[in-house]
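*Asks:* Have a look at this prediction, sequence included:
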Amino acid sequence: MEQNKLEIQLTTEPNETVKDYLKAGLTAFNDQYTDQLKLIREGKNTLHLSIFEMDREGKIVGALMGRIYWNWLSIDDFFVDRSHRGMGLGSRLIREAEQQARAKNCKHALVKTFSFQAQPFYEKHGFEVCGILEDYPPGHQIISLAKHF
């Protein structure tokens, strides 16, 4: 087919055909270079962490969810109720995640946070900024932080 006969199409709705095409193409391309992504897709070499603390009534007041893979701890979600902040709960949760990561031979940790969230908290716990995107979301930044054990 000649290049000038191709037609670009656009939709603003989710498109399963395009999604399937991209997934198949990227999977085949990436698998040429590393088997690590395939292992993650298959759920191998990945440990999911859910670490949380509950109050006396059984309500969760702080939680961290993450994954361990490639000798990295990826902190995916982390939140402490406002009424329980400043009491060391967040520090206990992150220390437990790091302890679990070290027990699984992790050498690093990665987290992303918005500029209005918890950058100082992570820096207090030894994380260093490794990337910043401006105006994401508009008027703010998304900040990637890493820690090396």
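*Replies:* Thanks, I have it.
*Asks:* Next SSE downstream of the lowest-mean-pLDDT helix or strand in the chain?
*Replies:* Here the helix or strand of the chain ranked lowest by mean pLDDT, DSSP states H and E is helix 36-41, holding a mean of 85. Of the helices and strands lying after helix 36-41 in sequence (DSSP states H and E), the nearest is strand 47-54.
*Asks:* So in that sheet, which strands flank that following strand, and in what orientation?
*Replies:* Strand 47-54 has the following sheet partners, assigned by DSSP bridges: strand 60-69 (antiparallel).
*Asks:* Now do the domain split for this structure, please.
*Replies:* The record's domain parsing of the chain by automatic domain parsing lists 14-43, 46-148.
*Asks:* Just send these back as TSV, with mean neighbour count too.
*Replies:* For glycine as for every other residue, the C-beta is placed from the backbone atoms N, C-alpha and C. Converted to TSV, those look like this (neighbours: other CB atoms under 10 Å):
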stretch	mean neighbour count
domain 14-43	11
domain 46-148	15
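*Asks:* lowest-confidence stretch among these?
*Replies:* Ranked on mean pLDDT, the bottom entry among the domains of the chain is domain 14-43, at a mean of 91.
*Asks:* any idea how far R41 lies from D35?
*Replies:* Separation of R41 from D35 (CB to CB, to the nearest Å) stands at 10 Å.
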